[in-house]
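*Asks:* output the structure for:
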Amino acid sequence: MIVGARPATSADLAVVAEMAEAALGELRPLRGGEVWANSDGRTTPVRTGLESELADPNAEIFVGTIDDAPVGYAAVHERALHDGSAIARITDLYVIPAARRVGVGESLILSVEAWARRRALVGLDSLALPGDRDTKNFFETFGLVARALEVHRRLDG
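*Replies:* Residues are numbered from 1 along each chain as shown. As a prediction, the model looks like this:
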């Protein structure tokens, strides 16, 4: 079994869009997931946003693979900070359940980090929903730690 990651191409968009839909489906029922999906999650149709990101010179989509078969993806874009520097904002990081815990996520995050370093970005940033300990632990493995807590209360019942 050969695990890896590579930049996505337009030929990958259909499978990446399927994975993006699956990610939304997994995260939406989690605590905070519904608000996240409606504020920061991908809008539908997800393929349209992915096509736009694929063409954006300040963004990248990576495909995680096992034996060249796409089983995960990561999306990242450059985000300017007020001090003139910029960070890599990881908006998506997903691996299909059957391919988890074998190094695909690691290959993806290392590809994102290499992309950020080539662009001289000063950090990596992402999001983990409250209670999603697996995602939090995964990010901590790579040195990403909480920098803020976002709070919310519904007002419509």
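
*Asks:* would you mark the buried spots in the helix or strand where L24 lies?
*Replies:* Assessed by DSSP states H and E, L24 sits inside helix 13-27. For helix 13-27, the buried set under the neighbour-count rule, 16 or more other Cβ atoms under 10 Å, comprises L13, V15, V16, A17, M19, A20, E21, A23, L24, L27. No exception for glycine: its C-beta is placed from N, CA and C like everyone else's.

*Asks:* can I get the CA coordinates of the following helix or strand past it in CSV?
*Replies:* Later in the chain than helix 13-27, the nearest helix or strand by DSSP H and E is helix 33-39. Extracted in CSV, the C-alpha atoms of helix 33-39 (Å, rounded to 0.1, in the frame of the first residue of the first chain):
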residue,chain,number,x,y,z
GLY,A,33,-21.9,21.6,12.9
GLU,A,34,-25.1,23.1,11.6
VAL,A,35,-24.0,26.7,12.2
TRP,A,36,-20.6,25.9,10.8
ALA,A,37,-22.2,24.3,7.7
ASN,A,38,-24.4,27.4,7.2
SER,A,39,-21.6,30.0,7.8
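
*Asks:* if you count contacts, what does the following helix or strand past helix 33-39 end up packed against?
*Replies:* Using DSSP H and E, the helix or strand that follows helix 33-39 towards the C-terminus is helix 46-55. Using 3 or more Cβ pairs under 8 Å, 6 or more residues apart in numbering; DSSP states H and E as the contact definition, the elements that helix 46-55 packs against are helix 13-27, strand 59-66, strand 69-80.

*Asks:* which residues does the residue nearest to E113 when sequence neighbours are not counted bridge with?
*Replies:* In this structure, E113 finds its nearest non-sequential neighbour in L124, 6.4 Å apart by Cβ to Cβ, 6 or more residues apart in numbering. Note on L124: beta-bridge partners by DSSP bridges are A88.
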